[in-house]
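Participant: with the input below, show me the fold.
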Amino acid sequence: MIIDLFHRENLSWRLKQKLQPLGAVPASGLGAAIVMDEGLLIAGAPGTNVAGPESGAVYIFELQGGVWKQTNRISASDSHTRLQFGNQLSLSGNRLAVGCANNNTFGKKAGAVYMFEQLANGEWQQRNEPLYAIDAREDSHFGTSVCLSGDRLLVGADNTSFRGGESGSAYLYFHDGTDWQHSQKLEPKSNASTYKQHFGRTVAVHEDRLYIAAPSEYRNSGAVYVFDAEDE
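Facilitator: Numbers count the residues shown, from 1 in each chain. Now for the predicted structure:
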């Protein structure tokens, strides 16, 4: 229920402040995911009871006068029991992506990603409907990982079975100035067995490269696939 903030002084890290959201209760899972930018800290609490047990919430703190203060709490527009909203976060500029692999809109744990933007008045607003996989189906776990980078969004769905049980996939989106559009579905280009590979468990975007982890490949030795812009 508490986030400890440390500040580096010379060569040592010292406790600066303890953050405890308003209304936080035991087992809220505060800090399951944390993202920061200058003057902004966003923390997921997937165990929070908003619309039933473990529906989840995200707490937003801002640095004001040298002190971190809670300024908002957000939750999913279709929040439901065991959604665990706040398990996966990614922040880029004034945009926030919240991955929810437990969303049940297209079947149990088909998954979804909720997109938020910070408005000029400082409030955070969910933008349109959640994003779903173009081929959404039960137990895909779409949103098990998310990475925002400017106008790009990469989403992992590590339990899809299009190339064998739990082989996994990733989905790339771009922002067209108005909304998020699907660009490409990515799968491993490998001669190795993809069964239970969990491709998409972790994703990252850096400049024109996409990084997608498959931790269970090669008898759990794991692998990271790198996609260049020309491969998109």
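
Participant: surely residue 6 is in a strand?
Facilitator: Yes. Assessed with DSSP: H, G, I helix; E, B strand; the rest coil, residue 6 lies in a strand.

Participant: any weak-confidence spans in this protein?
Facilitator: Under the criterion pLDDT under 70, the flagged ranges of the chain are 162-165, 190-195, 230-232.

Participant: and the helices in it?
Facilitator: 217-220 (DSSP state H).

Participant: is residue 96 in a bridge, and if so with what?
Facilitator: Note on residue 96: beta-bridge partners by DSSP bridges are residue 91, residue 116.

Participant: one more: residue 13?
Facilitator: Here residue 13, judged by DSSP bridges, has bridge partners residue 8.

Participant: that one: how many residues sit nearby?
Facilitator: Using other C-beta atoms under 10 Å, residue 13 has 10 neighbouring residues. Every C-beta, even on glycine, is put in place using the N, C-alpha and C of the backbone.

Participant: that one and residue 68: what is the separation?
Facilitator: Using C-beta to C-beta, to the nearest Å, residue 13 is found at 16 Å from residue 68.

Participant: please apply the same query to residue 111.
Facilitator: Relative to residue 68, residue 111 is positioned 31 Å away (C-beta to C-beta).

Participant: so the two - more neighbours on which side?
Facilitator: Using other C-beta under 10 Å as the criterion, residue 111 and residue 68 rank with residue 111 on top: 32 against 18.

Participant: quick check: bridge partners of the closest residue to the more buried one other than its chain neighbours?
Facilitator: For residue 111, ignoring the flanking residues on the chain, the nearest one in space by C-beta to C-beta, 6 or more residues apart in numbering is residue 142 at 3.1 Å. Going by DSSP bridges, residue 142 is paired in beta bridges with residue 111, residue 157.

Participant: count the residues that sit near residue 142.
Facilitator: Neighbours of residue 142 (other C-beta under 10 Å): 34.

Participant: cool, and the one 5 residues further on?
Facilitator: Neighbourhood size, residue 147 [other C-beta under 10 Å]: 23.

Participant: kindly report the same for residue 2.
Facilitator: Using other C-beta under 10 Å: residue 2 sits among 10 other residues.

Participant: do you know how far it is from residue 158?
Facilitator: Taking C-beta to C-beta, one finds residue 2 at 30 Å from residue 158.

Participant: contact partners for the residue nearest to residue 111?
Facilitator: 101, 103, 110-113, 132-133, 136, 155-157, 160, 171 (C-beta atoms under 8 Å, 6 or more residues apart in numbering).

Participant: and those residues, which is closest to residue 196?
Facilitator: Nearest to residue 196 among those, counting by C-beta to C-beta, is residue 160 at 11.6 Å.
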